[in-house]
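this is a predicted model, with the sequence first.
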Amino acid sequence: MKEIDVKKIRNIGFIAHIDAGKTTVTERVLYFAGKIYKIGEVHDGAASMDWMEQEKERGITITSASTSCTWKSHSINVIDTPGHVDFTAEVERSLRILDGGVVVFDGVAGVEPQSETVWRQADKYDVPRICFVNKMDRVGADFERNLESITSRLRARPVAMQIPLGQGEDFKGIIDVLEEKCYEFTPDIDQLPVEVDVPQEYVEKMKAYKERLVEMVADTDDNLIEKYLNGEEIQTEELKTALRSATIAYEIVPVFCGSALKNSGVQFLLDAIVDYLPSPVDVPAVKGTGLNDNLEISRSPKLDEPFSALAFKAVSDPFIGRLVYFRVYSGGIKVGDSVLNSTLGRKERLGRIVRMHAQSREDVSEVLVGDIVAVVGAKNARTGDTLCDPSNPVVLESITFPEPVMSFAIEPKTTAEQEKLSLALGKLSDEDPTLKISYDEEVGQTIMAGMGELHLEIIADRLKREFKVDGNIGKPKVAFREAVSRESKGEGRFVRQSGGRGQYGHVILELLPLRRGAGFEFEDRLKGGAIPREYVPAVQKGIQDALASGPLTGFPVIDLKLTLVDGSFHDVDSSETAFRIAGSMATKDALNKAKLILLEPVMKLELVTPGEFLGDVLGELNSRRATIAGIEGEESIQIIKAKLPLEQSFGYASSLRSMTQGRASYSMEFEKYDVAPESVAA
């Protein structure tokens, strides 16, 4: 295998709130790094990373796209992620396999609701990050306000690496705080920014920022703090080294600025990605467990370690079939080699491996530690599966995704299309772990559940365009839940006698309500061998069967504890099936005595509106049963935080648009299940 310098690899992702400019920044990064020779604009539907028809039409990123480029002899693997909350799974799976992130903020809006969500996701996976304050050329852009909101809303420790030379229409360059240099941008995209003297009116400001930078960096390094306290001069290179370590340890977040649309500041951002974000060597070795035991195993990012990789995305490509993206954590592999899918316990042969640039592919003969590539035709691998050396198996931690909160019923227009619909939905749910497909026996309908209206709208659109399936879509249905409000006891006795061996199972359960969000708990408190131990798992399965459809409305029952306290068995007639049915009967009996209540999903809503529409917006929210949690004013812009029942959110986007002349925007994410009012339950 060829020699590689793992220290010169960067696996990074661009993450942000919708419309902060991630895809525009990515497009410029690829242009300046020589990967593309013509810049495509998002608003023209021509950005190379937004390749889906729906992305081009709507001007938003829907699916995370992967590519790679080179900058100053460093290899950079880039993933551009969506910003809309409905596609949060794309961010989740990308952050799971990345080493570093670039968080993009809108220079005017600062930290927005989805910025907080992606920041929390990056925290979950301990991803070191740098920030890029974009759109500094827009009227109302304010760099200092962005720094304050990163501190207050994200509870991070930002340090300004640059300050803008002018803001809004006057934005014409940047001042490098670390080097104490000033650069003005040129209208010619291919010409580097020109170094000029720092304007006199900025000298004091620059020195104040430099002092803060030195103080914050010295605070993270024992040698530097000593120098700083003794008043000794700290060299730029020393600061850079300490700053890199502090960024990787997530003690500091370096902040840069520019305007991607005007091609300003992106080369400096590329330098920062190389200088401050980690290589695979700089992050802790990936941990997993043994295949047949739960002993911890770690895999270091070295070529001589056994091969291990994590599959993080599956895609159906109309031209070459199924593509499975994976990130290599250790070792290397060649085309034609066999690997073990340790999650499923099956072998896969890597017949063809490709390096992706959005939708285009480039064949490669081998992949090495740090690579992000895709394998063509892997039949079994799914999102979250581990691929590894068959003689050194390891199971890496998988990826968890949020549960869907909204569902549509979908049925084909003709019976002939039923099979086509099933196949298409199967492929789409294979790609998207937050899309859940089920069949409702009672009404004979296929139900697709997802993360929100836009998510399911895009799925329906893809069914029509990509799979040529035109289905009838029902109204959106909210995923309600049921809960119990008091303790109870239930008994289930299943006895069936037919010629020969019969069936016998007898179970007694105690039911206890739990706090909201606690989920389901099961406890075995059997005494004196009332039921043989081998039948307890069957009882548990029976309980799960009964909880999947509550007696009140048929929705799943949550937030309760069931304890197996007693029962009886028959030496000959008892079986797992009998105890499973008895467990289900006892659960239903306990539920019927426990006074059930209906729970509805409640969304956390953050809405930004011009002040003049505040009264109308609040009135509309009140009519939709929203609870206002707070209102913050920033000049003429008002930010409303509220809790809104999901059932009341349908059609809210168009209603808000017409009420505010299209000037207000909002984002929602699932927060919790809460008791639904009696009118809704009825």
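Okay, I see it.

so how far is Met603 from Ile297?
Distance, Ile297 to Met603, using C-beta to C-beta, to the nearest Å: 40 Å. C-beta here means a position set from N, CA and C on the backbone, and glycine is covered the same way.

out of everything not next to it in sequence, what's closest to Thr587?
Once flanking residues are discounted, Thr587 sits nearest to Ala546: 3.7 Å by C-beta to C-beta, 6 or more residues apart in numbering.

residues in contact with that neighbour?
Applying C-beta atoms under 8 Å, 6 or more residues apart in numbering to Ala546 gives the contacts 583-585, 587-588, 591.

how about 10 Å then?
Residues in contact with Ala546 (C-beta atoms under 10 Å, 6 or more residues apart in numbering) are 490, 492, 557, 562, 583-591.

with Gln235 instead?
Contacts for Gln235 (C-beta under 10 Å, 6+ apart) come out as 227, 241.

in the stretch 451-600 of the chain, where is pLDDT below threshold?
475-476, 499-500 (pLDDT under 70).

just the strands from it, written as ranges.
Per DSSP state E, counting those that start in this stretch, the stretch 451-600 of the chain carries strands over the ranges 471-473, 477-478, 481-484, 488-496, 503-513, 520-524, 560-568, 596-610.

you'd agree Arg663 is up against Pro610?
Yes: with contact defined as C-beta atoms under 10 Å, Arg663 reaches Pro610; the gap is 5.3 Å.

shared neighbours, those two?
Residues touching both Arg663 and Pro610 (C-beta under 10 Å, 6+ apart) are Ile637.

can you report phi and psi for the nearest residue to Asp337 once chain neighbours are set aside?
Nearest non-adjacent residue to Asp337, counting by C-beta to C-beta, 6+ apart: Leu350, 5.7 Å away. Reported as degrees, to the nearest 10, the phi and psi values for Leu350 are phi -90, psi 90.

quick one: contacts for Leu350?
Counting by C-beta under 10 Å, 6+ apart, Leu350 makes contact with 324, 326, 333-339, 366-367, 373, 375-378, 387.

of these, buried ones?
By neighbour count, with 16 or more other C-beta atoms under 10 Å, the contacts of Leu350 hold 324, 326, 333, 337, 339, 366-367, 373, 375-376, 378, 387 as buried.

where is pLDDT lowest across those residues?
By pLDDT, Ala378 ranks lowest within the buried ones among the contacts of Leu350, coming in at 80.

phi first, then psi, for it.
Dihedral pair for Ala378: phi -70, psi 110, per degrees, to the nearest 10.

in three-state terms, how would the residue most central in space within the chain be classified?
Of all residues in the chain, the one closest to the mean position by C-alpha atoms, centre = their mean is Glu92, 2.4 Å from it. Using DSSP: H, G, I helix; E, B strand; the rest coil, the structure places Glu92 in helix.

so it sits against Ser398, correct?
No: Glu92 sits out of contact with Ser398 when judged by C-beta under 10 Å, with a separation of 11.5 Å.

quick check: neighbours shared by the two?
Jointly contacting Glu92 and Ser398 under the rule C-beta under 10 Å, 6+ apart are Phe312.

Ala479 - how many residues pack around it?
By other C-beta atoms under 10 Å, the residues close to Ala479 number 19.

and what of Val194?
The number of residues near Val194, taken as other C-beta under 10 Å, comes to 11.

next: the one 4 residues further on.
By other C-beta under 10 Å, the residues close to Val198 number 16.

can you check the one 3 residues further on too?
Using other C-beta under 10 Å, Glu201 is surrounded by 7 other residues.

contacting residues for it?
If a contact means C-beta under 10 Å, 6+ apart, then Glu201 has no contacts.

repeat that for Ser338.
347-350, 389-390.

just the buried subset of those, please.
Burial by neighbour count, judged by 16+ other C-beta under 10 Å, picks out 348, 350, 389 from the contacts of Ser338.

contacts only, for the last one.
Spelled out, it's Asp389. 299, 305-309, 330-331, 333, 337-340, 342.

for Asp271, state which of these is nearest.
Ser330 (28.9 Å; C-beta to C-beta).

beta partners for the closest one?
Here Ser330 sits in beta bridges with Ser308, going by DSSP bridges.

identify each buried residue in the host helix or strand of Phe326, please.
Taking DSSP states H and E as the criterion, Phe326 maps to strand 321-330. Neighbour-count burial for strand 321-330, counted by 16+ other C-beta under 10 Å, picks out 322-330.
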